[in-house]
Structure formats: structure tokens, C-alpha cells
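Participant: Predicted model follows, preceded by the sequence.
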Amino acid sequence: MSGFVSATAFAAASTSAVPPESTQQAVGYPSLFLLVLIGALVPVVPTGALVSSAAVVAIHQAAPFSLALVFVTASLAAFAGDGALYWLGRRGMGSRSGSRWLEAIRSRAPEERAARARGKLVEHGVAVLVLSRLVPAGRIPVMLACLMADWPLGRFSRGNVAACLAWAATYQVIGIVGGSLFREPWEGVVVAVALTVVISAMPGVVRRFR
């Protein structure tokens, strides 16, 4: 529900009475960047739904390069947020008393999933980091595995570039598909948010049945 509300609010701000291009430049892109950045640091913001909603708005506007700007904005924000969180985690690993950020990462990565992520990281390397961004709730366990493997920030960042690009492209495609089916942007937003909610819920459903 929070994903639906946030995404709908973003779409409403981007489709107000202000001319579309001016609205996106003054409100839409900075808001998208800030929300995705916050969502990368504190995963309570539905970042995937926001990117999909932004893509819906972009395809319904005549402004050139709108989709490209959504992609770049989302990718940069995700990369910056991941990098900041990993840097904070590294500081916690090097501190005798740890840090609240490191504890937050550990609390969001169940021990079983973190151990499985460490095994896959040893076996497949950077490819696991890229895939972790595409799997719901997969980012934090793999990030913790990288911290436990003592990856330097530079190595993590190089692998995370491809991860953030793939993530932004995936959720943008969801928005494009949802937005292209309807004439009104809000209808496309509803479909895009519904798709992202279903995708996010799938791992939990599968684990429950198992």
C-alpha cells in the first residue's frame, strides 16, 4: 500500500497543471533521485514502483529524452545510495564497536540467506552482485556478503554499476509496458505499481510454500 501511495503521489506531482517539461525538471527528476537515494539507504521507500511510475509519466509526455532522463536519474541515485551504504558498512566492519548502519544491514539479512549469498559470491563473483539488484530482497544479503569478504569499495562499486543499470532498465520497462496500455497516466501507474508489488512479493510467497 505504501508503494502505491508513494508512486501515485509522484505521478500526481509530475502531471499537474505546470507544463510537463518544466514540471519534470523542477520536481520530477530531483524527487525521483532523492527518493531512490533514500530507498537505497533505508529500504522503506518502494524504489522500483517509483521508477516504473516515472517511466509511465515520461511516455505520456511529449518531452524529448524523458525516458533517458528517468533511466539516468534512477541509476545514479541507486548507485550513490548503494555506495554510501556500503561505505558506512565498511566503516562499521573496521570499528571495534561496529556501527548502527552495519547492524541495520545485518538485521535485514537473515543468517541463512547471508550464508547462501557468501557461497554464491565465492563461486560466481561480481555476477551475483549484478543479479542481487534484480531479485527482490536480494541486495542486502549480497552486500553483507561483500562486506564479510572484505571487498574494497572500489571493487564493489565496479560491480554495482552494472547492477544499478540493469535494475533501472528492468523497472523502467515495467513502467513502459504498463503506461503503453492506457491513455491516462494514472491508469498506467496503477498497473506498474501492481506489477512491482507482485514481483516483490513472489520470493516471500515461494519461501512460504516451501
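Facilitator: That came through, no problem.

Participant: which parts of the helix or strand containing Ala40 are buried?
Facilitator: Following DSSP states H and E, one finds Ala40 within helix 29-41. Applying a neighbour-count criterion of 16 or more other CB atoms under 10 Å, one finds 29, 31-33, 35-37, 39-41 buried in helix 29-41. (Glycine included, C-beta is placed from N, CA and C.)

Participant: Serialize the residues you listed to CSV and add fields for distance to Ala104 and pLDDT.
Facilitator: Converted to CSV, the buried residues of helix 29-41 look like this (distance: CB to CB, whole Å; pLDDT from 0 to 100):
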residue, distance to Ala104, pLDDT
Tyr29, 28, 87
Ser31, 24, 89
Leu32, 24, 92
Phe33, 22, 94
Leu35, 19, 93
Val36, 18, 94
Leu37, 16, 94
Gly39, 14, 91
Ala40, 13, 90
Leu41, 9, 89
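
Participant: I'd like those as JSON lines, with distance to Arg91 appended.
Facilitator: Converted to JSON lines, these look like this (distance: CB to CB, whole Å):
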{"residue": "Tyr29", "distance to Arg91": "30"}
{"residue": "Ser31", "distance to Arg91": "29"}
{"residue": "Leu32", "distance to Arg91": "28"}
{"residue": "Phe33", "distance to Arg91": "24"}
{"residue": "Leu35", "distance to Arg91": "25"}
{"residue": "Val36", "distance to Arg91": "23"}
{"residue": "Leu37", "distance to Arg91": "19"}
{"residue": "Gly39", "distance to Arg91": "21"}
{"residue": "Ala40", "distance to Arg91": "17"}
{"residue": "Leu41", "distance to Arg91": "14"}
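
Participant: of those residues, closest to Asn160?
Facilitator: Looking at these and their distance to Asn160, the nearest is Ala40, at 10.3 Å (CB to CB).
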